[in-house]
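1. Output the structure for:
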Amino acid sequence: MAQVSNRRSTLAFYKETTVCVLPADWDASGVLIEHTAADSASIQQTFIPDPTLERRIFSVGGRYNIPGLRNTEMQVGIKLHGTGVTTADGEQVEATYLTDLLEHCMGAVHLGTTHMVTGGSTTVVGLDAVTGIVKGCIIAVQDTTAPTDGNLGKLHPRRVLDIDAVDPFTVTLSEALPFTPAAGDIAHGAATAYPLEEALEDSVAPEVRTLSWYFNKDRAGTEAIWALMGSVASFEVTGLDRGQLPTLNLKIMAANFKFGGEDGLANVTWTQTPQGQAQLSMGRDIQFTLGTYNSTALNVADINKCGFTVGFERTRVETITEKTNDFEGLASYSVKPGPSKFAIGLVPFTDGQYGELKARTRKRATLYQPGDGSGAGNGWCSHMPCAQIASTPKRYDVGDVNGQQLDLQTMEPDDVVSGGDNTDLEKATFLIAIF
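-> Predicted coordinates for the structure are as follows:
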C-alpha cells in the first residue's frame, strides 16, 4: 500500500432522522464543510481486561480483552465568520452550515429579515417593515448614506428591545449606534443563535437532535475513514486574541463509530463544494462595547485580550441498556448549565470597574466584527445582554503600561419590553450572531 499524506482532510455532518443511523448517501444528504482541525486519535472503543483468575501467575492478563462501549469523542475546529452573502431587502437570512452547527450546539437560531431604514435616532430606528424581527434578536445596521471612513461598508449589531409594528415601524435598540440612521441605510437581518432549554435537555425526545459525522484522511482508499454516530457537541469560542482567527472548537461526544472499510465505510465521491469562508483577523476592525445595563449609552472600549467561556456543556444520560440500536449505554444527551464569561484585558487602567463591582452595577458587553468594509456577509458578534463584574479587577502588564483584567459573568436579562413571543430569546444570557 502506498503512503498517504496527512495533509488531506475531509469533514461532513448529517442531521440524523433516526439516532445512530448514517445517511444512505453522504453526498446527497450530508453537509461538506471547511474546517481548521480534526483528529481521529480519540476515536476509541473501550476494552475491558478479562478478570478470570489463573492457575499460573504468568498467565494473568493473557486472555482476550472484552469489547466494551463504543462511546467516543472527537475535537473539530470550525471557522467563525459571517453569512457569506448580502440578504436582500425584505428577505430572510438563509440557513448555512454554520447556523446549523450553532443551532445544534446552542439549541436555537432565529433567522432575521433585512429591511431598509426610514430614519430615526441612534437608539430608535425607523424601518420600512418589521417582518421577521422579534424582540431579543440581533439586527446589524449599516450606514450607507453618509458613512465616515470608519463606518464605510461596516455593520453594527444591536439587540432589539421593543418593536412598534404599526406604521411608521420602529425598533428600539439596547445600545446606541455610532451614527444617526437615515433613510436609505440598511438594517441587515442576522442569524441569532441562543440557548434553548428544551432542545438541549433531551437530544432524543420529542425530537431527534443528534448528528452523524464523516471524517476522511485518505484520497481514494478506505483505510483512513471514520464515521461518528448519535453525537452531540459542546463548543468553545477561541482565537480571540490579537492576530488570531476566531474559531468554534467542537467537542463531539458520539454513541458509536465506524472505522474504514473494515466497518463498511466507503470513500465518498463528492459533488458538493465544501461550505465555509475565510475568517477575519482579530485586531482589524474588531469592536468591543462595554456599557451599563439598561443604559443605551455607547461605550467603545480598547481591550488587549479576550477569552469567552460558554459555560454550559452537553452530558450523557447513561444507561446499562441499549433501547436504541447502536446507541450504546445511553438514553439521551442532556446539558449541564453554567454561567458564560468574558475575561477581557482593558486599557487604560482605572479603578472605575472596582467601584462598579462594589456597587453591583450590571454591565452589557458586545465583541463584534463589523466586517472588512466590503458590506454584509463577513460580520459576527458575541453579546452578553446583562452581566456582573464577577471578581476584583486585576492589574497586569500590557507592554509598558498598566492593563486591567475584568471578568464579566452572565446574568439573565429583563430589559425586553413585555409582549414578545420568544421568552428563551428574550431571556438569553448570551447570543452569537452572524450577518
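2. Wait, a strand at R364?
-> Yes. The assignment for R364 is a strand, going by DSSP: H, G, I helix; E, B strand; the rest coil.
3. Surely it is in contact with G291?
-> Yes. Counting by CB atoms under 8 Å, R364 touches G291, with 4.7 Å between them. Placement of C-beta: from N, CA and C, glycine included.
4. what's D302 in contact with, if anything?
-> Applying CB atoms under 8 Å, 6 or more residues apart in numbering to D302 gives the contacts 288, 346-348.
5. So what's the model's average confidence on the helix ranked longest in the chain?
-> The helix spanning the most residues in the chain, taking DSSP state H as the definition, is helix 97-106. Per-residue pLDDT over helix 97-106 has a mean of 98.
6. buried residues in it?
-> 97-106 (16 or more other CB atoms under 10 Å).
7. picking that back up, ok, R364 and G291, which is more surrounded?
-> Counted by other CB atoms under 10 Å, R364 and G291 do not tie: R364 has more neighbours, with 25 against 19.
8. which non-adjacent residue is nearest the most centrally placed residue in the chain?
-> With distances taken as CA atoms, centre = their mean, the residue of the chain nearest its centroid is L102 (4.5 Å). Distance criterion CB to CB, 6 or more residues apart in numbering; nearest residue to L102, sequence neighbours excluded, is A193 at 3.9 Å.
9. Surely the one you found and A108 touch.
-> Yes. Shown here, A193 and A108 form a contact pair, counting by CB under 8 Å, at 7.1 Å.
10. Can you tell me the strand partners of the next helix or strand after the longest helix of the chain and which way each runs?
-> Using DSSP states H and E, the helix or strand that follows helix 97-106 towards the C-terminus is strand 107-111. Partner strands for strand 107-111, per DSSP bridges, with pairing direction: strand 191-195 (antiparallel).
11. Please settle this for me: is G283 part of a strand?
-> No. The assignment for G283, made by three-state DSSP, is coil rather than a strand.
12. Would you mind stating the distance between it and R242?
-> The gap separating G283 from R242 is 5 Å, by CB to CB, to the nearest Å.
13. re earlier: in contact with the residue nearest to L102, which residues are there?
-> So A193 contacts 99, 102-103, 105-106, 108-109, 431-433 (CB under 8 Å, 6+ apart).
14. And G276, by the same measure?
-> 33-35, 79, 81, 97-98.
15. Equivalent analysis for A129, please.
-> Contacts of A129 (CB under 8 Å, 6+ apart): 90, 115, 169.
16. And those, which is closest to N299?
-> H115 (27.0 Å; CB to CB).
17. List the contacts of the closest residue to the closest one other than its chain neighbours.
-> Nearest residue to H115 in three dimensions, chain neighbours excluded: L127, at 4.4 Å (CB to CB, 6+ apart). L127 makes contacts with 115-118, 133, 169-171, 187, as judged by CB under 8 Å, 6+ apart.
18. From these, which land in strands?
-> With strands taken from DSSP state E, the overlap with the contacts of L127 comprises 115-118, 169-171, 187.
19. most neighbours, which of those?
-> Highest count within the ones in strands among the contacts of L127 by other CB under 10 Å belongs to A187, 30 neighbours.
20. is it in a bridge, and if so with what?
-> Applying DSSP bridges, one finds that A187 bridges with H115, V141.
21. wait, what's in contact with it?
-> Counted by CB under 8 Å, 6+ apart, A187 has contacts 114-117, 125, 127, 139-142, 171.
22. which of those residues lies closest to D50?
-> Nearest to D50 among these, with distances taken as CB to CB, is A140, at 60.5 Å.
23. count of neighbours near that closest one?
-> 28.
24. you'd agree it is up against G379?
-> Yes. Using CB under 8 Å, A140 is in contact with G379, at 6.0 Å.
25. list residues touching both of the two?
-> Counting by CB under 8 Å, 6+ apart, the residues touching both A140 and G379 are 155, 157, 435.
26. sec struct for the second one, please.
-> The one in question is P157. P157 is classified as strand under three-state DSSP.
27. Would you enumerate the residues in contact with it?
-> Remark: with contacts taken as CB under 8 Å, 6+ apart, P157 is in contact with 138-140, 190, 366, 368, 370, 379, 381, 383, 433, 435.
28. can you check G329 too?
-> G329 neighbours (CB under 8 Å, 6+ apart): 69, 71, 255, 318-322.
29. Mind giving me the PyMOL select for the residues you listed, buried ones only?
-> Selection of the buried residues among these in PyMOL, burial being defined by 16+ other CB under 10 Å:
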select buried, resi 69+71+255
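30. Among the contacts of G329, which one sits closest to A24?
-> Lowest distance from A24 to the contacts of G329 (CB to CB) belongs to A255, with 19.4 Å.
31. Checking my notes, A199 in a helix, right?
-> Yes. Assessed with three-state DSSP, A199 lies in a helix.
32. show me what contacts the closest residue to it other than its chain neighbours?
-> Nearest residue to A199, sequence neighbours excluded (CB to CB, 6+ apart): G107, at 3.7 Å. Shown in contact with G107 (CB under 8 Å, 6+ apart): 194-200, 424.
33. Go through the contacts of G329 and name the one nearest V21.
-> Nearest to V21 out of the contacts of G329 is A255 (CB to CB; 11.4 Å).
34. how close does that closest one sit to S231?
-> 7 Å.
35. Could you dump the contacts of P157 into a markdown table and include distance to A266?
-> Output for these, formatted as a markdown table (distance: CB to CB, whole Å):
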| residue | distance to A266 |
| --- | --- |
| I138 | 41 |
| I139 | 45 |
| A140 | 42 |
| A190 | 39 |
| T366 | 46 |
| Y368 | 42 |
| P370 | 44 |
| G379 | 39 |
| C381 | 40 |
| H383 | 43 |
| A433 | 38 |
| F435 | 38 |
